[in-house]
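Colleague: task: produce atomic coordinates for the following.
(chains A and B)
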Amino acid sequence: MVRLITHNLLACHVKGCNANNFPLEFRNVELEIREAEFNPDFVKGFLPKIEWKALVDTARQLGDTSLPEEQPEMLDDDFLKNLHHVLLEIHVEEGAMVCPNCKHEYPIASGIPNMLLAEHEIA
Amino acid sequence: MAPKKLEPVHIEASEDPASFEARNVHEIYDAIAAHFSSTRYKPWPIIAKFLSDLPTGCVGFDSGTGNGKYLPLPSDRPGAIWTIGMDRSRNLLEIARHAGSAPERPRVYREVIWGNVLDNGWRPGAFDYAISIATIHHLATPERRKLAVQRLIQAVAPVCGRILIYVWAIEQDELSKRKVVDEEEAEKIENGKDVMVPWVLSKNLAPKPVEDTERPEVYNRYYHMFANGELALLAEDAAEGLGLRVGAPTHGQSGQGVEIVQDGWERSNYYVELRRWSI
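Modeller: Below you'll find the predicted structure:
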């Protein structure tokens, strides 16, 4: 599965690709929305570890514009619910993730991303 | 039934360890995935406790997740932490993807990644914790086992990132179906032992129907069985190789390090818990 919680943690790992290798860019995606139980304490706890700009930009590319450019100071319920939805309810089922730097393509099939590299690409 | 003594294996120096593992580990898990998964459902107590002690909001990864049996934990606080599973076997991932789903209820979705434990496909230090259970013993050289531990260290936060590793021990307990070496021999071994562990595939879970007249299919998986003390040394060596100090932080001295919080033997396995620190 690639939800945005996972996407926010992944980076390109092709040999020599060490800069500008995050976030990976989604291509030709098929999305599925699945409801997940809302746990505000989990969302609040994870918030400080999020690369915020990457998350907001990627959500917008996938058609979700509910998150503000900057993290708000007040963490109200509406904000946490939107963040929960973006992180945990949008599933990328098919498509690919492309490295912005080296353009390596990581395919996604049946909800599972393939992060394996060929022998010569491994660092 | 008396425990069965395992076949030792010698890996030739000319052999490429990656292709050795592909033949003797990866292909086998893909073939036995469904049957293997049906035998792996009970979490080990120390691992369950490790996950249960993590504060709400933590995100971690499971390197070599197999059928994903640790992804739903902790069971008393579902959804409080989030574990992402990674494995080399695509067929096991199909199972891990829905780990913890109850029959006749909507399927649960987990986050799983098809990847190699030696790769480094994460933002550095992105995770609060990492676990690697019964995985590193499938790597065919000491260098590769060390690299696998280094990938775990690199994946967790330099401040307080926690790691738990389990591997099979040469000392198997009395309940084990397996025996690696005799007791007297075990005490002399410092660097573990390479063996093949047979898997007898249950016929009704085999990928294709097996004729009754045929013998059951046996798959031999490669394992490096760890000796007493070997895992902790490997962890220290891995940390030092990354330029990290080993041991507790020293007062008034700045730097980064890795501390061994606990290590021991539990039911035929050795385990080690590490914590990163930065001052």
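Colleague: how about the strands of chain A, start to end?
Modeller: A:25-33, A:90-98, A:105-109, A:112-113 (DSSP state E).
Colleague: and the last one, what does it pack onto?
Modeller: Which is strand A:112-113. Packing contacts for strand A:112-113, counted by 3 or more CB pairs under 8 Å, 6 or more residues apart in numbering or on different chains; DSSP states H and E, involve helix B:90-96, strand B:112-114. (C-beta placed from N, C-alpha, C; glycine too.)
Colleague: ok, 10 Å please
Modeller: Applying 3 or more CB pairs under 10 Å, 6 or more residues apart in numbering or on different chains; DSSP states H and E, one finds that strand A:112-113 makes contact with strand A:90-98, helix B:90-96, strand B:112-114.
Colleague: burial measure for the closest residue to chain A within the stretch 1-150 of chain B, as a count.
Modeller: In the stretch 1-150 of chain B, the residue that lies nearest chain A is B:G57 (1.2 Å; CB to the nearest CB). By other CB atoms under 10 Å in any protein chain shown, 19 other residues sit near B:G57.
Colleague: check which helix or strand covers it.
Modeller: For B:G57, there is no enclosing helix or strand under DSSP states H and E.
Colleague: from what I can see it touches A:L87, true?
Modeller: No - checked against CB atoms under 10 Å, the pair B:G57 and A:L87 is beyond contact range at 11.7 Å.
Colleague: what residues are shared contacts of the two?
Modeller: Residues touching both B:G57 and A:L87 (CB atoms under 10 Å, 6 or more residues apart in numbering or on different chains): A:42-43, A:46-47, B:82.
Colleague: okay, now the unreliable bits of chain B?
Modeller: B:1-3, B:175, B:177, B:183-184, B:187, B:203-216 (pLDDT under 70).
Colleague: phi first, then psi, for B:A18.
Modeller: Backbone geometry at B:A18, expressed as degrees, to the nearest 10, gives phi -70, psi -40.
Colleague: so which strand or helix has the residue nearest to B:D263 when sequence neighbours are not counted?
Modeller: Excluding the flanking residues, the one nearest B:D263 by CB to CB, 6 or more residues apart in numbering or on different chains is B:V272, at 4.1 Å. Per DSSP H and E, B:V272 falls inside strand B:269-278.
Colleague: with only the CA atoms kept, save that strand in CSV.
Modeller: Taking C-alpha atoms only, strand B:269-278 is exported to CSV below (Å, rounded to 0.1, in the frame of the first residue of the first chain):
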residue,chain,number,x,y,z
ASN,B,269,16.2,-17.0,19.7
TYR,B,270,18.8,-14.3,20.5
TYR,B,271,17.5,-10.8,20.7
VAL,B,272,19.0,-7.3,21.2
GLU,B,273,17.4,-4.0,21.9
LEU,B,274,19.3,-0.9,20.9
ARG,B,275,18.6,2.8,21.5
ARG,B,276,20.2,5.7,19.6
TRP,B,277,21.3,8.8,21.6
SER,B,278,22.5,12.2,20.7
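Colleague: for that strand, which positions count as buried?
Modeller: B:269-277 (16 or more other CB atoms under 10 Å in any protein chain shown).
Colleague: what's the neighbour count on the residue nearest to B:A140 when sequence neighbours are not counted?
Modeller: Here the nearest residue to B:A140 in space, its sequence neighbours aside, is B:P17; by CB to CB, 6+ apart that works out to 4.0 Å. Per other CB under 10 Å, the neighbour tally for B:P17 reads 13.
Colleague: re the thing from before, and among the strands of chain A, the most buried is which?
Modeller: strand A:112-113 (a mean of 23; mean count of other CB atoms under 10 Å in any protein chain shown).
Colleague: strands paired with that strand, and their directions?
Modeller: For strand A:112-113, the paired strands and their directions (DSSP bridges) are strand A:105-109 (antiparallel).
Colleague: where does pLDDT dip in chain A?
Modeller: A:1, A:123.
Colleague: tell me where it has helices.
Modeller: For chain A, helices defined by DSSP state H occupy the ranges A:4-7, A:40-46, A:52-61, A:77-88.
Colleague: let's have those helices in a markdown table, adding mean neighbour count and distance to A:N101.
Modeller: Formatted as a markdown table, the helices of chain A follow (neighbours: other CB atoms under 10 Å in any protein chain shown; distance: least, CB to CB, whole Å):
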| stretch | mean neighbour count | distance to A:N101 |
| --- | --- | --- |
| helix A:4-7 | 22 | 16 |
| helix A:40-46 | 19 | 26 |
| helix A:52-61 | 17 | 14 |
| helix A:77-88 | 18 | 24 |
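Colleague: between the ones you listed, which gets nearest to B:V25?
Modeller: helix A:4-7 (24.8 Å; CB to CB).
Colleague: residues in contact with B:W122?
Modeller: A:6, A:9-11, A:13, A:22, A:115, B:61, B:84, B:86, B:113, B:115, B:130, B:151, B:154-156.
Colleague: who touches the closest residue to chain B within chain A in this structure?
Modeller: The nearest approach of chain A to chain B comes at A:G45, 1.2 Å away (CB to the nearest CB). The neighbours of A:G45, taking CB under 10 Å, 6+ apart as the test, are A:39, B:54-59, B:80-82, B:128.
Colleague: ok but B:H26 is inside a helix, no?
Modeller: Yes - looking at B:H26 with DSSP: H, G, I helix; E, B strand; the rest coil, it is inside a helix.
Colleague: wouldn't it be in contact with B:S89 here?
Modeller: Yes - counting by CB under 10 Å, B:H26 does reach B:S89; the two are 6.3 Å apart.
Colleague: any idea where the strands of chain B begin and end?
Modeller: Under DSSP E, chain B gives strands at B:4-5, B:7-8, B:59-63, B:82-87, B:112-114, B:129-133, B:162-168, B:178-179, B:193-200, B:218-225, B:245-246, B:256-266, B:269-278.
Colleague: for A:W52, find the nearest of those.
Modeller: Checked against CB to CB, the stretch from the strands of chain B lying closest is strand B:59-63, at 15.1 Å.
Colleague: between that closest one and strand B:162-168, how big is the angle?
Modeller: 20 degrees (axes from the mean of the first three to the mean of the last three CA atoms, to 10 degrees).
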